[in-house]
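Undergrad: Predicted model and sequence follow; I will ask about them next.
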Amino acid sequence: MGYNDVMERYNLRLQQFLDEVTLYPVSCEKLAGGRSDREWLDGVLAGGARIVQLRDKESQDGEFLAKARYFREKTREAGALFLVNDRVDIALLTDADGVHVGQNDLPPEEIRKLAPDLLIGLSCNTFEQVRKLGDMVRKGLSPVSYFNVGPLYATATKQGLKDYLGTQAIHQFTKECCLPFTVMGGIKVDHIEELCAAGVKRMAVVTAISQASDIEKETAVWIKKIKECSGDRREDNAAFQK
């Protein structure tokens, strides 16, 4: 695949992220009420999710790979984006659309060398982290596609953490970096209006969806409410093209 083809593929993925993503469901099998990640995936896709992230800290590599291949097959059938948490190798082996990493994972600039066509999401948990990212963007050096602000509220997925950013961090963080962003951490359906008012367009959630009695129905409820609250969400991605 030539350079132009790679960039076209990347830009198509980024444009889909900008145009279609509202709810951003992230898997966590141990918090899914006894349901498997595959059952969770079927539910969120049936509910209309346009992106999913496979986050698995428990499975052995073989099971993780098999699960990721199932995710890729089903998201491709649904026309949805598929990202893998942390594991760049799994993302590459399954032709995922992207990878999401934290501050202590593989650096995004190294991932970009391996995977020029992947979306790369980066978690930013402090003002200093997002300011550093913003400086790289302004210099034209950032390999990151979008960043995440969080955790906003108390969350079961970050055990032992006592400090949460709160909604005030959204403005503080996003004024430092012009990249598209998501928010995450303890978000419930009652927070949607507050978050939309703060300029949020994409909300990443774990337990709010995975612990719902009806995952498909809950996914649809979230997507409908985010769209109603945020209105016209289309963005020009020219500033973010590589």
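TA: Cool, the structure landed.
Undergrad: Surely F147 forms part of a strand?
TA: Yes - under DSSP: H, G, I helix; E, B strand; the rest coil, F147 sits within a strand.
Undergrad: Report the beta-bridge partners for it.
TA: F147 has these beta-bridge partners by DSSP bridges: L122, F181.
Undergrad: Provide a list of residues in contact with it.
TA: 121-124, 130, 133, 173, 177, 179, 181-182 (C-beta atoms under 8 Å, 6 or more residues apart in numbering). Any C-beta I mention is one placed from the backbone N, CA and C, and that applies to glycine too.
Undergrad: again, but for A68
TA: By C-beta under 8 Å, 6+ apart, the neighbours of A68 are 54, 84, 90-91, 93-94, 96.
Undergrad: Could you rerun that using 7 Å?
TA: Counting by C-beta atoms under 7 Å, 6 or more residues apart in numbering, A68 touches 54, 84, 90, 94.
Undergrad: Which helix or strand contains it?
TA: helix 61-78 (DSSP states H and E).
Undergrad: Let me see the mean pLDDT of that helix.
TA: Taken as a whole, helix 61-78 has an average pLDDT of 98.
Undergrad: Going toward the C-terminus from that helix, what's the next helix or strand?
TA: strand 81-85.
Undergrad: Each with direction, which strands does that following strand pair with?
TA: By DSSP bridges, strand 81-85 pairs with strand 51-54 (parallel), strand 98-101 (parallel).
Undergrad: For that strand, list every residue counted as buried.
TA: 81-85 (16 or more other C-beta atoms under 10 Å).
Undergrad: sorry, back to before: for the contacts of F147, give me CSV that also has distance to A220.
TA: Putting those into CSV (distance: C-beta to C-beta, whole Å) gives the following:
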residue, distance to A220
G121, 24
L122, 29
S123, 27
C124, 29
V130, 32
L133, 33
F173, 29
C177, 31
L179, 28
F181, 24
T182, 19
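Undergrad: ok, back up a step: let's have the strands paired with strand 81-85 in JSON lines, adding mean pLDDT, distance to A208 and mean neighbour count.
TA: JSON lines is the format used below for the strands paired with strand 81-85 (pLDDT from 0 to 100; distance: least, C-beta to C-beta, whole Å; neighbours: other C-beta atoms under 10 Å):
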{"stretch": "strand 51-54", "mean pLDDT": "98", "distance to A208": "14", "mean neighbour count": "26"}
{"stretch": "strand 98-101", "mean pLDDT": "98", "distance to A208": "18", "mean neighbour count": "25"}
